[in-house]
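Undergrad: Need a 3D model of the sequence below.
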Amino acid sequence: MEFTIHNQVLTAVFVVAVILGAVTGKTGFCAMGAVSDWVNIGDTGRMRAWVFAMALALAGVIALEGTGVINLYGETFPPYRTANFAWVRYLLGGVMFGIGMTLASGCGNRTLVRIGGGNLKSLVVLVIFSICAYLMLWTPLYEKAFLPWVSATTINLAQYGVPNQQVGTILAGMVGLEASRGFNLAVAVLVVIGMLVFVFRSVDFRGSFDNILGGAVMGLAIIAGWYLTGGSIGAAWKEFAELATEVPIRVQTQSFTFVSPMGDAARYLLDPAKLWLVSFGVMALAGVILGSSLHAIFSKSFRIEWFASWKDFANHAVGGALMGIGGVLSMGCTIGQAITGISTLAIGSVLTFLAIVIGSAGTMKYQYWRIEREA
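TA: Sure thing, here's the model as predicted:
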């Protein structure tokens, strides 16, 4: 069997994902954990690790775009820099995802890592998450239940002379300047500097090797995804797909996200003989589970865990459903929008990130209020 460029790209993604899963399992890199530490005990270490990953991924995009290796102004999956600014979609989907990840004890990436460590509760979350994402991506559910009002509230920035929703482009339009790639790169550099100052001024972050390692590896993984699919390798990959008899899905410029891959994985499992349904995201999903499993086995931290009660099951089930629906609605998750998306400096990704944090923090506050009330 020929080892095609398609096989090469998917294999490379899988290897990166295995490393990502192992390191995430070791370091406890977790968006929900970051919000929990900040809201409940005032520790911002893991929150800054999350921001560090954003800063590193954005710096990588600056370098790759600045040298002409990649171009994220064209078609990407998801369409981060699109001129169609679906602000209600970003906010509502983000809040739903934030609530869901809190109820389910972790976001999409963390769910995969917990499965690798033996957590059967997260396996149930994955199943429900995947089914809901599948319904949103592969059935008429989104078109019938969401598209009418999403379309009605979407702002076409191009009508106002703004070609895309990148932060620099919007700032240029606000002050009456002509948007240019040079200006956008300058704005991105300033954002990276600001993020790094915020991150490294904290002892909570600097004092933890795990926080630094977790954020660094996540950021580097995002850069690797953009390089593989947006550079010369990606160009050859897309050319191969165009000429293929069975065109593989999701052959686009992209990086790591864990919402659409769950829906795509469910679609593939319905007909596993169709290998063209195995995408970048499906390989990433499998790689993270394997990587975290290897870490759990070698560190002797592998533990089987099940639901403590029916209430525990209900919380996780509802959380999985909210992440599946909300994640597709917001076009990404704590990784796909809050790191990969922010590496493009798309305003929609920033809104989604804020909405996820608000949804998660608000749910935690409500949960603690209920506990205190019942005590």
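Undergrad: what sits up against the least confident helix or strand in the chain by mean pLDDT?
TA: Least confident helix or strand of the chain, by mean pLDDT, DSSP states H and E, is helix 203-206 with a mean of 88. The contact list for helix 203-206 (CB atoms under 8 Å, 6 or more residues apart in numbering) reads 43-45, 48-49, 52, 199-200, 211-212. For the C-beta atoms, the positions are set from N, CA and C on the backbone; glycine is no exception.
Undergrad: what about the helices in the stretch 101-250 of the chain?
TA: Secondary structure of the stretch 101-250 of the chain (DSSP state H, counting those that start in this stretch): helices located at 108-116, 120-138, 141-145, 147-153, 167-174, 181-200, 203-206, 209-230, 232-243.
Undergrad: could you say what helices and strands the longest one packs with?
TA: Helices and strands in packing contact with helix 209-230 are listed as helix 5-27, helix 45-66, helix 203-206, helix 232-243; criterion 3 or more CB pairs under 8 Å, 6 or more residues apart in numbering; DSSP states H and E.
Undergrad: Could you look over the ones you listed and pick the most buried one?
TA: For those, the largest average neighbour count (mean count of other CB atoms under 10 Å) is found in helix 45-66, namely a mean of 24.
Undergrad: tilt between that helix and helix 209-230?
TA: Here the directions of helix 45-66 and helix 209-230 differ by 30 degrees (axes from the mean of the first three to the mean of the last three CA atoms, to 10 degrees).
Undergrad: ok, the following helix or strand past helix 45-66: who's next to it in the sheet?
TA: From helix 45-66 onward toward the C-terminus, using DSSP states H and E, the following helix or strand is strand 84-85. Note on strand 84-85: by DSSP bridges, its sheet partners are strand 155-156 (antiparallel).
Undergrad: what does the average pLDDT come to for the partner strand?
TA: On average, the pLDDT along strand 155-156 is 96.
Undergrad: what do you get for stretch 247-257?
TA: Per-residue pLDDT over stretch 247-257 has a mean of 97.
Undergrad: quick one: contacts of it?
TA: With CB under 8 Å, 6+ apart, stretch 247-257 has contacts from 6, 17, 20, 57, 70, 72, 74-78, 221-226, 229-230, 234, 237-238, 241, 260, 264, 276-281, 284, 332-333, 335-337, 339-340, 343.
Undergrad: Just the buried ones from the residues you listed?
TA: Neighbour-count burial (16 or more other CB atoms under 10 Å) applied to the contacts of stretch 247-257 gives 6, 17, 20, 57, 70, 72, 76-78, 221-226, 229-230, 234, 237-238, 241, 260, 264, 277-281, 284, 332-333, 335-337, 339-340, 343.
Undergrad: Tell me how far residue 226 lies from residue 350.
TA: Residue 226 sits 18 Å away from residue 350, taking CB to CB, to the nearest Å as the criterion.
Undergrad: do the same with residue 59
TA: 17 Å.
Undergrad: what bits of the stretch 251-375 of the chain have low per-residue confidence?
TA: 375 (pLDDT under 70).
Undergrad: What are the boundaries of the strands in it?
TA: Taking DSSP state E, counting those that start in this stretch as the criterion, the stretch 251-375 of the chain contains no strands.
Undergrad: residues contacting the nearest residue to residue 291 once chain neighbours are set aside?
TA: Using CB to CB, 6 or more residues apart in numbering and skipping the chain neighbours, the partner closest in space to residue 291 is residue 21 (2.6 Å). Neighbouring residues of residue 21 by CB under 8 Å, 6+ apart: 112-113, 116, 287-295.
Undergrad: Apply 7 Å and report the result again.
TA: Residue 21 makes contact with 112-113, 116, 287-292, according to CB atoms under 7 Å, 6 or more residues apart in numbering.
Undergrad: could the helices and strands packed on helix 209-230 go into JSON lines alongside distance to residue 130?
TA: JSON lines is the format used below for those (distance: least, CB to CB, whole Å):
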{"stretch": "helix 5-27", "distance to residue 130": "17"}
{"stretch": "helix 45-66", "distance to residue 130": "24"}
{"stretch": "helix 203-206", "distance to residue 130": "33"}
{"stretch": "helix 232-243", "distance to residue 130": "24"}
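Undergrad: mind checking which of these is nearest residue 304?
TA: For residue 304, the closest of these is helix 5-27, at 15.7 Å, according to CB to CB.
Undergrad: Restricting to C-alpha, output the closest one in PDB.
TA: What follows is helix 5-27, C-alpha atoms only, in PDB (Å, rounded to 0.1, in the frame of the first residue of the first chain):
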ATOM      1  CA  ILE A   5       1.000  12.500   1.400                       C
ATOM      2  CA  HIS A   6      -2.400  12.100   3.000                       C
ATOM      3  CA  ASN A   7      -1.100   9.200   5.100                       C
ATOM      4  CA  GLN A   8       2.000  11.200   5.900                       C
ATOM      5  CA  VAL A   9       0.000  14.200   7.200                       C
ATOM      6  CA  LEU A  10      -2.300  12.100   9.300                       C
ATOM      7  CA  THR A  11       0.600  10.200  10.700                       C
ATOM      8  CA  ALA A  12       2.400  13.400  11.700                       C
ATOM      9  CA  VAL A  13      -0.800  14.700  13.300                       C
ATOM     10  CA  PHE A  14      -1.200  11.500  15.300                       C
ATOM     11  CA  VAL A  15       2.400  11.700  16.500                       C
ATOM     12  CA  VAL A  16       2.000  15.300  17.700                       C
ATOM     13  CA  ALA A  17      -1.300  14.400  19.400                       C
ATOM     14  CA  VAL A  18       0.300  11.500  21.200                       C
ATOM     15  CA  ILE A  19       3.000  13.800  22.600                       C
ATOM     16  CA  LEU A  20       0.300  16.400  23.400                       C
ATOM     17  CA  GLY A  21      -1.900  13.800  25.300                       C
ATOM     18  CA  ALA A  22       1.100  12.500  27.300                       C
ATOM     19  CA  VAL A  23       2.200  16.000  28.300                       C
ATOM     20  CA  THR A  24      -1.300  17.200  29.100                       C
ATOM     21  CA  GLY A  25      -1.800  14.100  31.300                       C
ATOM     22  CA  LYS A  26       1.400  14.800  33.100                       C
ATOM     23  CA  THR A  27       1.000  18.600  33.600                       C
END
